[in-house]
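Engineer: quick one: sequence plus predicted model below, questions after.
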Amino acid sequence: MLNEYGVVYFGNDWYAENRTSSHHVAERLARTLPVLYIDSPGLRAPQASGRDLRRALRKIRATLRAPILIKPNLWHCTVPQLPFRRMPGVEWLNRIFGRWAVRRAMRVLGDAKPISWFVVPHPGFLAQRLGEQLCVYYCIDDYAAHPGVDTELIAARDDELTRCADLVFVAPPALVAAKQMVNTRTRFSPHGVDVSLFALAMDPATVVPAAAQGLSHPVVGYFGSIHEWIDLELIEWLARERPQWTFLLVGHAATNVSRLQALHNVMLVGAQPYASLPAWAKAFDVAIIPYRHNRQVENANPLKLREYLATGKPIVSVSHPEINKFARWIEIAEDRDAFLSGLERALNSNSASAATERMLSVADQTWDSRVAQVLEEVSSALARRQACTSG
């Protein structure tokens, strides 16, 4: 049934340093039906930084181009929005321009019947306005809790999209009940993991990147964005407590990391290609999840946890409702001292059999299986709608 449909997909910046579930889901949808991936404007207003200015210029240039085929069955385009949404007239201009630009880009889908698919809430004003047969909201985060966003406005957009979507999939368990109260067609859909990719961390043929070779062991590793929700003070304290250890941090630093940079045993290598993460993880003796305890983190379903487990590496993490479900395979720490003790236990008790157990704990949680389950729900919803129409 799905072969007559195409997806108009509103996701995170396709070229962002960090690969999220937005990217993983879109790539797998494109294996079944055509997908037009639309970069949506950032949740936060752009800053006067060189990085944000370069991104803004790139998006403006991209707007003038027709959608580009970036993978088989997957097109990419950009529909930027004016960021100052509370200024008079801005919201109206965004709606008018956004609808026109998206409908123009949808031509690449040909005669396919459109399904709108939102992974972020702020372009949700286009939901049910694109002639779509079905509207899907695939909620992966508590967007209003992100740092630097207009909390009230984003919360309103999230609520509106939840109400009008024909199907709502929710990755963070903490958000499911609230969404079900707003829309009874809400389903829990946890994150997946690219099992085969991250298993390369255990492959003897995988080569550790040059920058991570020759480091003093043990190596305590982290990969992912280094944002406000990462407890930099905890990492600094750990590094000072164990000056003979190396702390290897892989990812774009979007916050001030000068205090870490000043430490001789902390190595920040910046953003790295997603496909290279298993090679970096191979250099880890133990991986860490050093989140702060805030609303955004508490309502998240950490993708990083499953990726770490798929590498087979020992893991030490702060306590978190979703992470705690995997306590059988990882060390959970309630405070700084417990985190340090957890690192020492993880380093001293690691074994080949323990690594295999960690990998097996997520072996059946692949992105392929997650997306297949979602598409079953979508197919059923379309069949019900078709039956109602024909009846």
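Structural biologist: Happy to help now that I have it.
Engineer: which regions of the protein sit below the pLDDT cut-off?
Structural biologist: 41-64, 81-90, 389-391 (pLDDT under 70).
Engineer: can you show me the helices along it?
Structural biologist: Using DSSP state H, the helices of the chain run over 21-29, 50-63, 90-105, 151-164, 173-182, 195-198, 232-241, 258-261, 277-282, 295-298, 303-311, 336-349, 352-360, 367-390.
Engineer: do you know which of those lies nearest residue 329?
Structural biologist: helix 352-360 (4.9 Å; C-beta to C-beta). C-beta here means a position set from N, CA and C on the backbone, and glycine is covered the same way.
Engineer: tell me what the closest one is packed against?
Structural biologist: helix 303-311 (3 or more C-beta pairs under 8 Å, 6 or more residues apart in numbering; DSSP states H and E).
Engineer: how far does the helix it packs on sit from its chain's centre?
Structural biologist: The chain centre lies 13 Å from the centre of helix 303-311; the measure is C-alpha atoms, centre = their mean, to the nearest Å.
Engineer: and the angle from that helix to helix 21-29?
Structural biologist: Relative orientation of helix 303-311 versus helix 21-29 (axes from the mean of the first three to the mean of the last three C-alpha atoms, to 10 degrees): 60 degrees.
Engineer: 30 is where my numbering starts, stick with that
Structural biologist: That works, and once the first residue is 30, the last one we named lands at helix 332-340.
Engineer: only alpha carbons, please: show helix 332-340 as CSV.
Structural biologist: Extracted in CSV, the C-alpha atoms of helix 332-340 (Å, rounded to 0.1, in the frame of the first residue of the first chain):
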residue,chain,number,x,y,z
LEU,A,332,20.3,7.8,21.9
LYS,A,333,23.9,7.8,23.1
LEU,A,334,23.2,5.0,25.6
ARG,A,335,22.3,2.5,22.9
GLU,A,336,25.2,3.6,20.7
TYR,A,337,27.7,3.0,23.5
LEU,A,338,26.2,-0.4,24.4
ALA,A,339,26.5,-1.4,20.7
THR,A,340,30.2,-0.7,20.9
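Engineer: that older thread, any idea which of the helices of the chain is most buried?
Structural biologist: helix 332-340 (a mean of 25; mean count of other C-beta atoms under 10 Å).
Engineer: give me the residues contacting that helix.
Structural biologist: 49-50, 220-224, 226-228, 230-231, 252-253, 306-307, 310-311, 313, 316, 318, 344, 346, 351-352, 355, 358-359, 387-388, 390-391, 394 (C-beta atoms under 8 Å, 6 or more residues apart in numbering).
Engineer: go again using 6 Å as the cut-off
Structural biologist: Outside helix 332-340, the residues within contact range by C-beta atoms under 6 Å, 6 or more residues apart in numbering are 220, 222, 224, 227, 230, 253, 310, 316, 344, 352, 387, 390-391.
Engineer: now those as TSV including distance to residue 212?
Structural biologist: Formatted as TSV, the contacts of helix 332-340 follow (distance: C-beta to C-beta, whole Å):
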residue	distance to residue 212
220	21
222	27
224	31
227	33
230	39
253	30
310	38
316	36
344	35
352	27
387	36
390	32
391	29
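Engineer: what sits closest to residue 283 if chain neighbours are left out?
Structural biologist: residue 256 (4.9 Å; C-beta to C-beta, 6 or more residues apart in numbering).
Engineer: next one: that neighbour from residue 137, what distance?
Structural biologist: 34 Å (C-beta to C-beta, to the nearest Å).
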